[in-house]
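K.L.:
can't give you the sequence, but here's the structure:
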C-alpha cells in the first residue's frame with residue numbers, strides 16, 4: 001500500500017483516540033456509577049479499536065503488506081453488548097448529548113472511510129475500508145438507537161410528551 005493508505009490509517013487511529021477521550025470525559029461527568037461504567041466501556045472499545053489499527057499500521061509500514069491477509073480482519077473488535085440501561089435517567093441530558101455527538105462521530109468516520117475507499121487504487125485497501133465502514137455502522141446503529149431513546153425521555157421530562 002502507498003503512503004496515502006498509511007495516512008488514512010493514522011487518521012483512523014486519531015479518530016478512535018478522540019472517541020476514547022470523549023467517552024472518558026463523559027464518564028467523569030456521569031451522575032451515577034452505572035453511567036460511569038457504561039461510558040468507560042465505550043471508551044475502552046474505542047481504545048481497543050485504536051490498538052488494532054496501530055498493529056495494522058505497524059505491519060504495513062514495515063513493508064509487510066504482502067504478508068497481511070484480511071482473513072484476521074473478520075474478527076475486528078466490535079462493541080461489547082452491555083446493558084445500556086445502566087445509564088441513569090437522571091442524566092438523560094448528558095446521555096442525549098453524548099450519544100448525539102457519538103452519532104455524528106460515527107457518521108463522520110463512515111464518510112471518511114467511504115471517501116478513502118473511492119480514492120485508493122488498491123483492492124486490499126478497499127476491502128480494509130469496507131470492514132472499517134461496517135465496524136462504524138455497527139456503532140452508528142447502536143448509538144442512534146440510544147440517542148432516540150434518550151431524546152424521547154428528554155422530551156418527556158420537558159413536558160412535551162403527547163398524552
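P.N.:
Looks like it arrived, so ask away. What you are looking at is a predicted structure, and each value in this text was computed from that prediction instead of being measured. Residues are numbered from 1 along each chain as shown.

K.L.:
I'd assumed residue 11 was in contact with residue 132.
P.N.:
No - with contact defined as Cβ atoms under 8 Å, residue 132 does not reach residue 11; the gap is 11.2 Å. For the C-beta atoms, the positions are set from N, CA and C on the backbone; glycine is no exception.

K.L.:
who's more crowded, those two?
P.N.:
residue 132 (24 against 15; other Cβ atoms under 10 Å).

K.L.:
for the more buried one, phi and psi?
P.N.:
With angles defined as degrees, to the nearest 10, residue 132 sits at phi -70, psi -40.

K.L.:
Look up how far residue 58 lies from it.
P.N.:
Here the criterion is Cβ to Cβ, to the nearest Å. By it, residue 132 lies 17 Å from residue 58.

K.L.:
Repeat that for residue 100.
P.N.:
Applying Cβ to Cβ to residue 100 and residue 58 gives a distance of 34 Å.

K.L.:
With residue 36 instead?
P.N.:
In terms of Cβ to Cβ, residue 36 sits 33 Å off from residue 58.

K.L.:
Nothing else from me, thank you.
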